[in-house]
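1. A predicted structure for the sequence below; I have some questions about it.
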Amino acid sequence: MYVVLLSYTAPQNEIDYVLPDHSDWITRQYEHGLLLASGRRPDHDGEVLIVKPMPVGRLEATLATNPLVLNKYVTHEVIEFSATRTCPELREVNEAAAR
């Protein structure tokens with residue numbers, strides 16, 4: 001699994017202009033079954049994505065299609081982790097805990 005921290009690098013008015021396209025991108029990632037959770041950080045300087053397990057190359061390729069990334073309005077940090085425990089709702093997406 002991954003936690004992806006998106007940090008805004010552009011003024012908020014520029015971010016706001018691209019947010020509808022970014023929101024559509026987020027919706028597509030849920031439809032493709034890649035995201036578990038997403039949302040804006042409380043300080044409004046970025047977002048957090050919780051991503052299902054996948055090859056890191058696939059994740060990086062997917063992130064590269066985000067309109068905020070394409071417009072260079074964010075940087076991102078990918079934190080990979082192996083969840084050894086999850087709530088029941090996440091067990092089916094967590095291969096390590098299912099064993």
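-> Perfect, I can see it now.

2. Where does the prediction get shaky in the chain?
-> Flagging of the chain using pLDDT under 70 yields the residue ranges 93-99.

3. can you give me the helices in it?
-> Using DSSP state H, the helices assigned to the chain run over residues 12-31, 56-63, 67-70, 95-98.

4. quick one: contacts for the residue most central in space within the chain?
-> Centroid check for the chain by CA atoms, centre = their mean gives residue 49 as the closest residue, at 2.9 Å. By CB atoms under 8 Å, 6 or more residues apart in numbering, the contact set of residue 49 is 2, 3, 4, 6, 35, 37, 38. No exception for glycine: its C-beta is placed from N, CA and C like everyone else's.

5. Quick check: of the residues you listed, which has the highest neighbour count?
-> residue 6 (23 neighbours; other CB atoms under 10 Å).

6. hmm, back to that, is it possible to export the contacts of residue 49 to a markdown table including distance to residue 27?
-> Output for the contacts of residue 49, formatted as a markdown table (distance: CB to CB, whole Å):
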| residue | distance to residue 27 |
| --- | --- |
| 2 | 19 |
| 3 | 20 |
| 4 | 16 |
| 6 | 16 |
| 35 | 9 |
| 37 | 14 |
| 38 | 10 |
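
7. So which of those sit within strands?
-> Within the contacts of residue 49, residues falling in strands by DSSP state E are 2, 3, 4, 6, 35, 37, 38.

8. Of all the helices of the chain, which one is nearest residue 77?
-> Closest approach to residue 77 among the helices of the chain (CB to CB): helix 56-63, 10.7 Å.

9. so what's the residue nearest to residue 77 when sequence neighbours are not counted up against?
-> Nearest non-adjacent residue to residue 77, counting by CB to CB, 6 or more residues apart in numbering: residue 5, 4.5 Å away. Applying CB under 8 Å, 6+ apart, we find residue 5 in contact with 46, 47, 48, 76, 77, 79.

10. isn't the fourth one right next to residue 60, touching?
-> No: the pair residue 76 / residue 60 is not scored as a contact, 9.2 Å apart, by CB atoms under 8 Å.

11. No further questions, thank you.
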